[in-house]
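K.L.:
Sharing a sequence plus its predicted fold:
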Amino acid sequence: MLKFSDIKITKQLMVFLVFFIAVPLLGLSIFFYFQTVKIINDTKNNLSYSATVQKSRFDNILRDYNNRFATIKNDTVFEEAFGYFLSLPNEENRLKVEAVVDKQRLADNSFLDFLILDQNGAVIFSSDKENAGQNYASEAFFTAGQTARGWHAQNLGTKEVSAYLSGPYTVNNQFSGVLALKINFELFLSLRENYQTLTKTGEIQLVEVNSKNEWLSIMPSRFTASQSAIDQFNRQTPISDNNFLEISDYRGREVFLATCLLTEKNWGLVVKVNKNEVFLPLLLLARSIILIFSFLLAFGLILIFYFYLNVTRPLVQLALAAKSIEKGNGNYHMPAESKNEIGVLAKAFKKMTDNLLNSNSGLEEKVYERTLALNKRIAQINHEKAKDDALLSNIGEGLIVTDKKGIITLVNPATVSVFKQKKEAMIGKVFSKIVFLKNSAGRSVPLAKNHPVFDALVGAKKTAGIEFVSERFGGEIFPVALTATPIVLSGRIIGSVVIVRDITKEKEVDRMKSEFISIASHQLRGPIASIKWYGELLEKQKNVFKKESQVFIERINISTQHLISLVDDFLNVSRIESGGLKIEPEIIEPLVLIKNIIEVYRPEIEVKKITVKIKNESRFGKILIDPEIIREVYANLVANAVKYSKKHGEILIRFFDDQANKSLVLEVKDDGVGIAKEEQEKIFVKFFRARNALEGGYKGTGLGLYTAQMLAGKISGKIWFASEKEKGSTFWVKLPVKT
Amino acid sequence: MTDTTEKKFILIVEDDNFLSDIYQNQLQQAGFETRVVIDGQAALVAVKEKIPNLITLDMIMPGMNGFDFFETLRQDKKYEDIPVMILTNLGQENDKKRCLELKKCSYFVKTEISIDDVISKIKEQVL
């Protein structure tokens, strides 16, 4: 579909101009048409009206004359005078008649001549002496006047036109002749002139109508024309009362013509006016309008041309210039410089293209340089990627990368072998649909809270080494340890990295270890039990022995106890280290526990005469905690406090809650041998024994605090201490509690 | 009904003769009648021959282990009420728990208890 706005602007403007001209013109044409019709109507009315008015005037004149004629005819004085003259046509009688006539004539100047003709047409009497002796027998006014009164014009259509009003004259009721009055035609003429001064081309014609309705101009026409033309025109134009014609007159001019008949039946009036004159105002108007519109058209064209020169053409030039530049052709024609909008555009365009050409020239080089650098970088990246890929493929553990929704985006070769699934089968799937996890209770772990991947993605938590039971493709169940870390980019979690370790072998090893431990402990304890009990029996019998031997027995028993402790500790540590420790919380009462533990060490406490005080400042009466762990931990601290106390020492035991009120703290304070500053950092090290402990002969395995710390750590607890050599030590253990 | 004229009979199931000697000596000194067998099978036979007032038992024995023996023993209504004392080298908590849930079953680790206590515990249960 062609849109108007798609046509060239110059053409658009042309169209506008044409419309601007044409539409008003059209409107005006319609106006003019209606005006013409109106004018014609008006003219018709005017002419008819004029005709009517003139007719009445003319009729008045005629009537007036008729009345005069009648007056004269009936004038008894005249009749008497004329009677005398008839009977005696001498000069005296003629003078008498003339006197009467003169009187009449003096009354009005309308008569030019006063004629009386006898039956033969000879002039009996004439006011004009030159008529004496004339014979007007041939004249119409005589021949017609014999029978009836009527008007008769002579010298029709010329300046010498005259008219007679004639009629039979009777004296003593006897026809005596014809009375003819020669009319002063000036009246008529002047009447016509009055009208004719109103219009330039208007004309009133007094005409004589014959029986065929053809008329003869009585008065000379206003305009010169050949008689034949006039005659032809007169013949062609019918005359009737109240006729209106548009016709071409004797001059060949188009006229509007109105006719009417006077009361004097063979006379009529023709009122005509040139069409030109009638339409003149309209024509003038039309001409002015055409002039104006022509001027507007010309002006419009000039404007368009100017617009073309200063806007369209420069724009086209710019467009061509752009094309040239696009082709790489530096030659192009720019519009002439100017400060107007086009000039500004052209300037900006030139600037832009210059810049473009400039930057283009350096561009190739830059592109080359950048490409080199880019290629280098790409090679670098590829190299790094190759390294990463090698790394990834060689990691022995399964590595899975997920997006922030938990959908797997990457798996390494190890994952494929762990789960026995194809890489393609895993990528794009949700983590929990590929890696099935069951907890130690045998329940499926969904991708929700406490699932390592979920915790990483949603809670931004890193979880390490959480053990589950999983399933390989094909159904084989196996133990697995998961470590999940969130991937954070610009502060947002965009995914997670999960290490999946098949710990089947480790579990196997653990199992074997546990088994070994079981077997070993059984093996060791057998002989140890034997030694212990025989030692006890010896102890009971020790009075039998000499002093020296008694000491030997004592030492054997102490060593045995030491051995038992060692084996116990070692088995404990092994069990804990191998991860065989199961945390099974139960409800226990810490206060009760601590009292029980103290009872275990009661013998030594009494031997050393140690005072033990217990203070409970905790609001935790019963807590949920693994009993073995808490017992082991508390027992260690108590054992140490007892062991390293001096004679008559004091042990203060205190329970209190931590600030957050979420943990129970046990404080065990002794005033024993203490720990030297330089050895304090090693006090939790496996098998470490402080110098003063060794020198003081205190028996110990060096595993107590190590074990206690490990165990506390397993349930998110903490052990710490403060100590000074020879002043004693205070140990604290904080264990989180659930009530 | 305790029979004060007759000695109480303790059946000792222990394959380590050093230990079984101690048991025997101490128990006899305390006035008990004793008999030693070295495994569960022999123990079941001995029980049939004479119903003991208490059986001391190890967990790990050649043949059947302690719990299996216990179950087998208790199958017979006649032997329902015989107290069993497990004296073992193992220190497994779950074993201890399991034992305590059973009827008339006590559990001690040899290296954690003195021989005197063993004898007194036996006296407690039998006398």
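P.N.:
Everything's here; your move. Treat the numbers as computed from the prediction; the structure is a model and nothing was measured.
K.L.:
Give me the distance between the nearest residue to A:Glu679 once chain neighbours are set aside and chain B.
P.N.:
Take A:Glu679 and drop its neighbours on the chain: the residue closest to it by C-beta to C-beta, 6 or more residues apart in numbering or on different chains is A:Ala690, 4.8 Å away. (Glycine included, C-beta is placed from N, CA and C.) Separation of A:Ala690 from chain B (C-beta to the nearest C-beta, to the nearest Å): 27 Å.
K.L.:
What count of nearby residues applies to A:Ala690?
P.N.:
23 (other C-beta atoms under 10 Å in any protein chain shown).
K.L.:
Surely it is in contact with A:Ile675?
P.N.:
Yes: if you go by C-beta atoms under 8 Å, A:Ala690 and A:Ile675 touch, sitting 5.5 Å apart.
K.L.:
Name the residues contacting each of those two.
P.N.:
A:Ile683 (C-beta atoms under 8 Å, 6 or more residues apart in numbering or on different chains).
K.L.:
how many neighbours does B:Arg73 have?
P.N.:
You called it Arg, but residue B:73 is Leu. Other residues close to B:Leu73 by other C-beta under 10 Å number 19.
K.L.:
let me redo that: A:Leu566
P.N.:
17.
K.L.:
Is the host helix or strand of it positioned near chain B?
P.N.:
For A:Leu566, the host element (DSSP states H and E) is helix A:547-577. Yes: interface with chain B: helix A:547-577 contributes A:564, A:567-568, A:571 (C-beta under 8 Å from any C-beta of the partner chain).
K.L.:
And those residues, which is closest to A:Lys615?
P.N.:
A:Asp568 (30.2 Å; C-beta to C-beta).
K.L.:
secondary structure class for the closest residue to A:Glu208 other than its chain neighbours?
P.N.:
Leaving aside its chain neighbours, A:Glu208 sits nearest to A:Leu216 (4.7 Å; criterion: C-beta to C-beta, 6+ apart). With DSSP: H, G, I helix; E, B strand; the rest coil as the basis, A:Leu216 sits in strand.
K.L.:
which residues touch A:Leu216?
P.N.:
Per C-beta under 8 Å, 6+ apart, neighbours of A:Leu216: A:156-157, A:207-208, A:210, A:231, A:234.
K.L.:
any idea how far it lies from A:Gln227?
P.N.:
Applying C-beta to C-beta, to the nearest Å, the value for A:Leu216 to A:Gln227 is 11 Å.
K.L.:
Stretch A:398-411: end-to-end distance?
P.N.:
7 Å (C-alpha to C-alpha, to the nearest Å).
K.L.:
Please work out which residues outside that stretch touch it.
P.N.:
Contacts of stretch A:398-411 (C-beta under 8 Å, 6+ apart): A:392, A:412, A:414-415, A:418-419, A:423, A:426-432, A:434-435, A:447, A:453-454, A:457, A:487, A:493-502.
K.L.:
Near the residue in the stretch 151-300 of chain A that chain B sits nearest to, how many other residues are there?
P.N.:
When distances are taken as C-beta to the nearest C-beta, the stretch 151-300 of chain A reaches nearest to chain B at A:Gly300, 112.3 Å away. A:Gly300 is flanked by 18 other residues according to other C-beta under 10 Å.
K.L.:
Right, I'll call it a day here.
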